[in-house]
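Peer 1: Generate coordinates for the sequence data below:
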Amino acid sequence: MALCHNASPPWGLASPQTRLPMKFPSLVLAVALAFPLAASAARGAEPRDDTVLDTGWRFLRADVDGAAQPVFNDSNWISVTVPHTWNAQDGQDGSDYYRGPGWYRCNVKVPASAEGRRVFLRFEGASTVAQVYVNGQFAGEHRGGFGAFCFEITHLVKFGPPNDATKTGLANVLAVRISNAWRGDLAPLAGDFTVFGGLYRPVHLLITGDLCLSPLDHASPGVTLLPSNIGDQSADLTIETLVSNGSTTANQATLVTTVIDATGQAVATASEEVNVPVDITAQETQQVTVPHPHLWNGRADPYLYKVAVELRRGDVVIDRVEQPLGLRTIHIDKTGFYLNGKLCRLRGVDAHQDRLDKGWAISDADQKEDIDLILEMGANAIRAAHYQHSETFYRLCDETGLLVWAELPQVNFVGDSAFEENSRSQLLELIRQNINHPCIFAWSLSNELRQPSPDPDPILLDLNKLAHAEDPNRPTIEAAHINIWPSVNKIPDLLGVNVYPGWYHGSSNHSDHGGINAMGAKLDERAGWGRGQGFCVSEYGAGASIIQHEAHPSEPKADGAWHPEEWQAIVHENDWAAIRARPFVWGSFLWNMFDFASAFRHEGDTPGRNDKGLVTYDRKVRKDAFYFYKANWSDEPVVYITDRRFTERTEAATDVKVYSNCDRVDLTVNGVAQGVRTGDDEHVFRWTGLTLQPGKNLIAVTADRNGQHCTDECTWTLK
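Peer 2: This next block holds a predicted model:
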């Protein structure tokens, strides 16, 4: 048995698999939450009970004296389900949205059968500062809007009476005060997105035995998987497990770890006896070798093992945690991005987590739809902007093979010592909660740091060192906008650049970005910004309204009301041509996959909206540029007529542009053949100088790809 100890090795892909010490300074930092067993079906067959607390909540968007107390009249509060945000409407309409406190209350029942066991509350996320009370007693505070947190509440709950045949238990009053007010000690200090307030991710009630796999280490699973020496014949795996003893005596058990393949067969196992002293969390380290590993190979083959970690007494499993395991190698240098030793150019998107009329309070089904749209377009990577995303998101990326840039919410500016400490805490949450996800290829430390005061170097150097100590297998990265702090851009291992030719030209904030054809020159200029390991384009794009159209658009004002859809498509055509022509650019992430809320914006056709998405905020319309990338990136046959929503025409002369990955495309207008065209390297097919007839005109195309027949059509009306 090994108790928690200090370890801070140098970072490197081949470094020893050791991490920083596990620290448990107080209940406030050791977060775990409790859920009513009546709220949803618990996993009764499991050695730990995990119940989602989704119904029975009362909510008030205000600060109220006495709301934490059990005896309090909340009958005039509204009934809500969790996930919930109070900014679902005002956070997306361009108004001065509410940033302040709100209260949630719920009755939690813990059955008599749980007495003698341990009870935790685990929140997957609350924005941005949460104070938790159980039966009027303070359970803990969490500062940070994106990471999970967990508190042990065993000493605060009332268990059901011993003779309670219904096992409904006694009501425990759970009260949570949350505020999304701006704070100078809390990241993000700024950003081009709405900071939705509320209890916007699920809440769990965990019940375990007195000896358990700890959920209290920054709300991590208590199990860390560190693969190494991955080859054709074998792969080594180090498993670090936190075993927590909550009893009044020393506690013994057998720790059994099993690696299970996708067919359900055990392929490696380790077992050891553990003896944990009173009130101690011990770190146990085991090592196994996986024979003939089946690699996790991105979208081509996202093969997953799972690792089951169990505490046993005899034949009885007293606690159990499962984690995903994907065995893969990643290497990035100036020649490219290599997955399992093979060149793999990242074709990525940036994505926020909000939706129309929901804000951040989205469902698992919403997240699956988002992933499906990204897969449909043919992308193989996602930059999870600009903060830690949900556990569901990372799981879906593991399962579908999407590579993920995981990001710390350090946007625009850095602050004082309290801010720096909170940034460290949020980075620890990001890494410890998600280190086992094979989809994540890098930890991002910041986005678009400008000229702050004080100098940002010290905090970024500290965060970079912390990330390497926590995870020796992944590089760090940042997204840079300008080179006003050259030293900052050389701190992380890798660099991304945010550049918007054809969009922010002439803007005081983006005057460096140039015109529509500037992408190539801008990339060449940025080649020396980082450590010389090559770089990626972390943001590029333009806004687009699906109800605004122009036949031959010129560059619109980014902050103006006119954002024709056609201009966005032209920008992406030009940008992608420049990016793909430069091998030293190992990947790119277009901004943005989806329209999203940005309350301060008043531009385009909707206030409060950043309309650079390739899919509308409600996910119902794929813009023209979506199909441009689908034609370039997808293996599925694509033929798509652009400008299709430009249905009302006033000029008879017109051009037709089609995106397709087919070899040749035939066009007819009102049934009359207009000739066959072959596309360019970006899969764009063009017919110029056509004439529309008064009234309705049917535009139709046909194409073939590998024996599959493809068609598309739309109607334009000439007034």
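
Peer 1: So the residue lying closest to Tyr640 once chain neighbours are set aside: helix, strand or coil?
Peer 2: In this structure, Tyr640 finds its nearest non-sequential neighbour in Tyr627, 3.9 Å apart by CB to CB, 6 or more residues apart in numbering. Any C-beta I mention is one placed from the backbone N, CA and C, and that applies to glycine too. When the structure is split into helix, strand and coil by DSSP: H, G, I helix; E, B strand; the rest coil, Tyr627 lands in helix.

Peer 1: quick one: contacts for Tyr627?
Peer 2: Remark: with contacts taken as CB atoms under 8 Å, 6 or more residues apart in numbering, Tyr627 is in contact with Val638, Tyr640, Thr642, Tyr659.

Peer 1: surely Leu211 meets Leu242?
Peer 2: No. Because the distance of 11.6 Å does not satisfy CB atoms under 8 Å, Leu211 is recorded as not touching Leu242.

Peer 1: so is Leu460 in a helix, a strand, or just coil?
Peer 2: Leu460 falls in the helix class when you classify it by three-state DSSP.

Peer 1: That one and Leu445 touch, don't they?
Peer 2: Yes. With contacts counted by CB under 8 Å, Leu460 reaches Leu445, the gap being 5.8 Å.

Peer 1: who touches both of those two?
Peer 2: Common contacts of Leu460 and Leu445 (CB under 8 Å, 6+ apart): Glu478, Ile491, Pro492.

Peer 1: quick check, nearest of those to Glu651?
Peer 2: Taking CB to CB as the measure, Glu651 lies nearest Glu478 of those, at 47.0 Å.

Peer 1: so what's that closest one bridging to?
Peer 2: For Glu478, the beta-bridge partners are Leu495 (DSSP bridges).

Peer 1: before we move on, what about Val110?
Peer 2: Here Val110 shows beta-bridge partners Phe159, Leu170, assigned using DSSP bridges.

Peer 1: how many neighbours does it have?
Peer 2: 29 (other CB atoms under 10 Å).

Peer 1: Next: Val316.
Peer 2: A count of neighbours around Val316, defined by other CB under 10 Å, yields 10.

Peer 1: what does Gly671 give?
Peer 2: With neighbours defined by other CB under 10 Å, the count for Gly671 comes to 7.

Peer 1: quick one, helices of the protein?
Peer 2: When secondary structure is read from DSSP state H, the chain shows helices at 364-377, 391-400, 417-434, 457-470, 519-526, 565-580, 624-633.

Peer 1: I'd say Ile260 and Val267 touch.
Peer 2: Yes. Ile260 sits in contact with Val267 when judged by CB under 8 Å, with a separation of 7.1 Å.

Peer 1: what's the overlap in contacts for these two?
Peer 2: Counting by CB under 8 Å, 6+ apart, the contacts common to Ile260 and Val267 are Tyr305.

Peer 1: distance of Asp680 from Arg644?
Peer 2: With distances taken as CB to CB, to the nearest Å, Asp680 is found 20 Å from Arg644.

Peer 1: now Asn297
Peer 2: 36 Å.

Peer 1: now do Asn107
Peer 2: Distance, Asn107 to Arg644, using CB to CB: 53 Å.

Peer 1: for Ala88, same thing?
Peer 2: The separation that Ala88 has from Arg644, given CB to CB, amounts to 31 Å.

Peer 1: Same question for Gly198.
Peer 2: When CB to CB is applied, the distance between Gly198 and Arg644 equals 38 Å.

Peer 1: Those two: who's more crowded?
Peer 2: Remark: of Gly198 and Arg644, Gly198 carries more neighbours, 30 against 17, as counted by other CB under 10 Å.

Peer 1: need the contact list for the closest residue to the more buried one other than its chain neighbours.
Peer 2: Spatial nearest neighbour of Gly198, excluding adjacent residues (CB to CB, 6+ apart): Thr85 at 3.8 Å. Going by CB under 8 Å, 6+ apart, Thr85 touches Gly91, Ser127, Phe196, Gly197, Gly198, Tyr200, Lys358, Gly359, Trp360, Ala361.

Peer 1: want to try JSON lines for these, with distance to Val223 as columns?
Peer 2: Formatted as JSON lines, the contacts of Thr85 follow (distance: CB to CB, whole Å):
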{"residue": "Gly91", "distance to Val223": "36"}
{"residue": "Ser127", "distance to Val223": "27"}
{"residue": "Phe196", "distance to Val223": "31"}
{"residue": "Gly197", "distance to Val223": "32"}
{"residue": "Gly198", "distance to Val223": "30"}
{"residue": "Tyr200", "distance to Val223": "26"}
{"residue": "Lys358", "distance to Val223": "32"}
{"residue": "Gly359", "distance to Val223": "32"}
{"residue": "Trp360", "distance to Val223": "27"}
{"residue": "Ala361", "distance to Val223": "29"}
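
Peer 1: Show me which of those is closest to Tyr338.
Peer 2: Distance to Tyr338, by CB to CB, is smallest for Trp360 among these, at 34.7 Å.

Peer 1: any low-confidence regions in the stretch 201-350 of the chain?
Peer 2: Within the stretch 201-350 of the chain, no stretch has pLDDT under 70.

Peer 1: one more time with 90
Peer 2: 334 (pLDDT under 90).

Peer 1: go on, the stretch 401-550 of the chain?
Peer 2: Judged by pLDDT under 90, the stretch 401-550 of the chain has its weakly predicted residues at 411-417, 448-459, 481-488, 505-515, 527-534.

Peer 1: if I pick the most centrally placed residue in the chain, what's in contact with it?
Peer 2: The residue at the geometric middle of the chain, judged as the C-alpha nearest the mean C-alpha position with CA atoms, centre = their mean, is His389 (3.2 Å). Under the criterion of CB under 8 Å, 6+ apart, the neighbours of His389 are Phe146, Gln353, Ala406.

Peer 1: Switch the residues you listed over to JSON lines; also include distance to Ile570 and neighbour count.
Peer 2: Putting those into JSON lines (distance: CB to CB, whole Å; neighbours: other CB atoms under 10 Å) gives the following:
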{"residue": "Phe146", "distance to Ile570": "35", "neighbour count": "27"}
{"residue": "Gln353", "distance to Ile570": "29", "neighbour count": "27"}
{"residue": "Ala406", "distance to Ile570": "32", "neighbour count": "26"}
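
Peer 1: mind listing the strands for the stretch 451-600 of the chain?
Peer 2: Remark: strands assigned in the stretch 451-600 of the chain by DSSP state E, counting those that start in this stretch are 476-480, 494-498, 535-539, 585-590, 596-597.

Peer 1: Put together a markdown table for those, with mean neighbour count and distance to Arg345 on each row.
Peer 2: Converted to a markdown table, the strands of the stretch 451-600 of the chain look like this (neighbours: other CB atoms under 10 Å; distance: least, CB to CB, whole Å):
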| stretch | mean neighbour count | distance to Arg345 |
| --- | --- | --- |
| strand 476-480 | 27 | 16 |
| strand 494-498 | 23 | 14 |
| strand 535-539 | 26 | 10 |
| strand 585-590 | 25 | 6 |
| strand 596-597 | 26 | 26 |
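
Peer 1: Switch those over to CSV; also include distance to Thr715.
Peer 2: Output for the strands of the stretch 451-600 of the chain, formatted as CSV (distance: least, CB to CB, whole Å):
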stretch, distance to Thr715
strand 476-480, 42
strand 494-498, 39
strand 535-539, 36
strand 585-590, 30
strand 596-597, 31
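
Peer 1: Would you mind saying which of those strands lies nearest Trp633?
Peer 2: Of all the strands of the stretch 451-600 of the chain, strand 585-590 sits nearest to Trp633, with 10.6 Å by CB to CB.
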